[in-house]
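1. okay, predicted coordinates and the sequence, questions at the end:
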Amino acid sequence: MIVSELIDLIKGKLINKNADLAREVKGGCGADLMSDVLASIQPEAVLLTGLCNPQVVRTAQMADVAAIILVRGKVPPQETIDLAESERIALISSPFGMFELCGRLYQAGLHSLEMPVSDPDCSCEK
Amino acid sequence: MSNSATNQGKNITDQQAENITRVEELSYELKVDQVMTKELITVTPETEMKEALEIFRKNRISGAPVVKNDELVGIVSIEDLIHCLQHNDLDSRVAKYMSTKLLTVRNTDPIIEALKLFVNSHFGRLPVVDENSKLLGIITKGNITRGLLAALQHDYQEEEVRRYRASHLFEDIESDRSSLILRYTIKQGDFTHGGAASSAIKRALLRLGASPQIARRAGIAVYEAEMNLIIHTTHGGIIRVEIEPHQISINVFDDGPGIADIDQALRPGYSTATETVRELGFGAGMGLVNIQRCVDSMRLESIVGKGTSLKLKILLHDQEVVGEGITTSKE
């Protein structure tokens, strides 16, 4: 699935206009704890989160996230938008809640890109 | 490509908008004489229209300037030929059908000037003249398109060259042991810029030719450490990254307050972070654990009241070495 298809699927609104809409999304990860995201997410995932601060974008950048979805129609502060713009990571706001979004994406064929906690392997492909 | 697309408020995708921005910049940077056709095929007012037709056909052109005694007097195009054919008048002279209402551009004008004229007139080609109105060439929309594409290609190559240069850094410098050291000062409480240093480090590694996996591991480890400096220190601290062809050494140090019980600090879930920090998505006691998972070795030392030092190493194997440009595996 590419980012533009993802936006349609979740009735999303793209917040930063310069994002790469043709970028491939390979799976998903939902969390509000950025350390959990950094610990578990695999590259090229869409990140679903209820947080809106700039650290969400930084986390996404470090973890090679393909797109960020802000749940429940949240509108991020300007610093977050600026950062998403400079890093060209799609920042999307969707009216749906976390559970609904995970369900929709899973049904559309996007599977989890969260590494299980018990997995002794490093999340970042050591 | 044309400016009218944006001005008329048509629906354009964001990708297009991004490209237009660069193309628009280039429209101001590129000069008319960089893209115009210089090998001129001209006719004279006395040329017969049927000759003109033959010239157009042979040279696969759709218009030509009309020149008399080295002076530009008009322009004749396929459209004029069609008019002429409608009147079955191919024996007449170019002078009868050419347009004499001339729009010209200067060789030193940016191509945006030519684009504006193309948009506001129905002309397909414009004669290019110098300050003495001497004819130098001709410019069409096709010339502009090709010029812009060539310039965009050039831009792309420049980024490639930059990357290539960086990746050969270590090769070009002779020493028994070369390394590149990056230093960043992190301010306590600076949540807005939190991650800026990690971001710069990750980018530097990619430019030096590190694999995306290595850059990601280093990025995540440094990011957690950077957030620790912002959240937990008294005055912030320093991140020092030493890049060598075979390893990346990351030292993060601060001057307080120090960690009382290191074993406890390393336990997953243990945290001393405030509610504010937790609201940012950090401070769940996973930072050091995450760092450990991303690096090959980690050493944490701390003295309460004096400060903390965190030393990390990521080893690069043959296929991942940075800076030597031999086998920079990019997936």
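-> All right, it came through fine.
2. okay, CA-based contacts and neighbour counts for the rest of this
-> OK.
3. just the element for the residue of chain B found nearest chain A, please.
-> The nearest approach of chain B to chain A comes at B:Gly281, 4.3 Å away (Cα to the nearest Cα). Using DSSP states H and E, B:Gly281 is not contained in any helix or strand.
4. state the distance from it to A:Thr49.
-> For B:Gly281, the distance to A:Thr49 (Cα to Cα, to the nearest Å) stands at 10 Å.
5. run a quick neighbour tally on B:Gly124.
-> Per other Cα atoms under 10 Å in any protein chain shown, the neighbour tally for B:Gly124 reads 15.
6. what residues are up against it?
-> When contacts are counted by Cα atoms under 8 Å, 6 or more residues apart in numbering or on different chains, B:Gly124 touches B:118, B:140-141.
7. and if you look at B:Ser271?
-> B:265, B:283-285.
8. repeat for B:Ala95
-> B:44-46.
9. what does the stretch 101-250 of chain B put close to chain A?
-> For the stretch 101-250 of chain B, the residues in contact with chain A (Cα under 8 Å from any Cα of the partner chain) are B:191-192, B:194-196, B:198-199, B:202, B:213-214, B:216-217, B:219-220, B:223-224.
10. re the thing from before, so which of the contacts of B:Gly124 belong to strands?
-> Secondary structure assignment by DSSP state E places B:Thr140 of these in strands.
11. nearest to B:Ser178 among the contacts of B:Gly124?
-> B:Lys141 (51.7 Å; Cα to Cα).
12. what pLDDT is listed against the closest residue to B:Ser297 other than its chain neighbours?
-> Spatially, and ignoring its direct neighbours in sequence, B:Ser297 is nearest to B:Lys313 (5.2 Å; Cα to Cα, 6 or more residues apart in numbering or on different chains). Per-residue confidence for B:Lys313 comes out at a pLDDT of 96.
13. partner strands of the host helix or strand of B:Lys313, with direction?
-> Assigned by DSSP H and E, B:Lys313 belongs to strand B:307-315. Using DSSP bridges, strand B:307-315 pairs in its sheet with strand B:247-254 (antiparallel), strand B:297-303 (antiparallel).
14. rewinding a little: in helices only, show me the contacts of B:Ser271.
-> Applying DSSP state H to the contacts of B:Ser271, the entries found in helices are B:Ala265.
15. highest neighbour count among the contacts of B:Ser271?
-> The contacts of B:Ser271, ranked by neighbours (other Cα under 10 Å): first place B:Gly283, 25 neighbours.
16. from B:Gly287, how far out is the closest residue in space to that residue that isn't next to it in sequence?
-> Using Cα to Cα, 6+ apart and skipping residues adjacent in sequence, the residue nearest B:Gly283 is B:Ala273, 5.0 Å away. According to Cα to Cα, B:Ala273 and B:Gly287 sit 11 Å apart.
17. more neighbours, these two?
-> Neighbours were counted for B:Ala273 and for B:Gly287 using other Cα under 10 Å; B:Gly287 has more, 28 against 15.
18. the more buried one is in contact with A:Ser35, isn't it?
-> Yes: in this structure B:Gly287 lies within contact range of A:Ser35 using Cα atoms under 8 Å: 6.3 Å.
19. what's around the residue of chain A found nearest chain B, how many residues?
-> Residue nearest to chain B within chain A: A:Leu33 (4.3 Å; Cα to the nearest Cα). Using other Cα under 10 Å, A:Leu33 is surrounded by 21 other residues.
20. how much space separates it from B:Gly124?
-> 59 Å.
21. could you do A:Gly30 as well?
-> From A:Gly30 to B:Gly124 the distance is 55 Å (Cα to Cα).
22. any idea what sits nearest the residue of chain A closest to chain B, other than its immediate chain neighbours?
-> B:Gly281 (4.3 Å).
23. next: A:Ser93.
-> A:Ser93's closest residue in space is A:Leu70 (Cα to Cα, 6+ apart), at 4.8 Å.
24. so that neighbour sits right up against A:Ala90, yeah?
-> No: counting by Cα under 8 Å, A:Leu70 sits too far from A:Ala90 to count as a contact (10.7 Å).
25. by contact count, what packs against the lowest-mean-pLDDT helix or strand in chain A?
-> Every helix and strand of chain A was ranked by mean pLDDT, DSSP states H and E. The lowest is helix A:34-40, at a mean of 90. Judged by 3 or more Cα pairs under 8 Å, 6 or more residues apart in numbering or on different chains; DSSP states H and E, the packing partners of helix A:34-40 are helix A:54-62, helix B:287-294.
26. mean pLDDT lowest where, among these?
-> helix B:287-294 (a mean of 91).
27. counting by contacts, list what that one packs against.
-> Against helix B:287-294 (3+ Cα pairs under 8 Å, 6+ apart) you get helix A:34-40, helix B:212-232, helix B:262-266.
28. so which bits of the last one are buried?
-> Applying a neighbour-count criterion of 16 or more other Cα atoms under 10 Å in any protein chain shown, one finds B:265-266 buried in helix B:262-266.
29. and that helix, anywhere near chain A?
-> No: legend: contact between helix B:262-266 and chain A by Cα under 8 Å from any Cα is lacking; minimum distance shown is 14.1 Å.
30. that older thread, dump the helices and strands packed on helix B:287-294 into JSON lines; add distance to A:Leu14 as well.
-> JSON lines is the format used below for the helices and strands packed on helix B:287-294 (distance: least, Cα to Cα, whole Å):
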{"stretch": "helix A:34-40", "distance to A:Leu14": "22"}
{"stretch": "helix B:212-232", "distance to A:Leu14": "26"}
{"stretch": "helix B:262-266", "distance to A:Leu14": "39"}
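31. winner for burial among those helices?
-> Greatest average neighbour count among those goes to helix B:212-232 (a mean of 25), per mean count of other Cα atoms under 10 Å in any protein chain shown.
32. helices and strands around the very next helix or strand once past that helix, which ones?
-> Using DSSP H and E, the helix or strand that follows helix B:212-232 towards the C-terminus is strand B:237-244. Contacting strand B:237-244 under the criterion 3+ Cα pairs under 8 Å, 6+ apart are the following elements: strand B:180-186, strand B:247-254.
33. next, the angle from the first one to strand B:237-244.
-> For strand B:180-186 against strand B:237-244, the angle by axes from the mean of the first three to the mean of the last three Cα atoms, to 10 degrees is 170 degrees.
34. now strand B:180-186: buried residues?
-> Within strand B:180-186, judged by 16+ other Cα under 10 Å, the buried ones are B:184, B:186.
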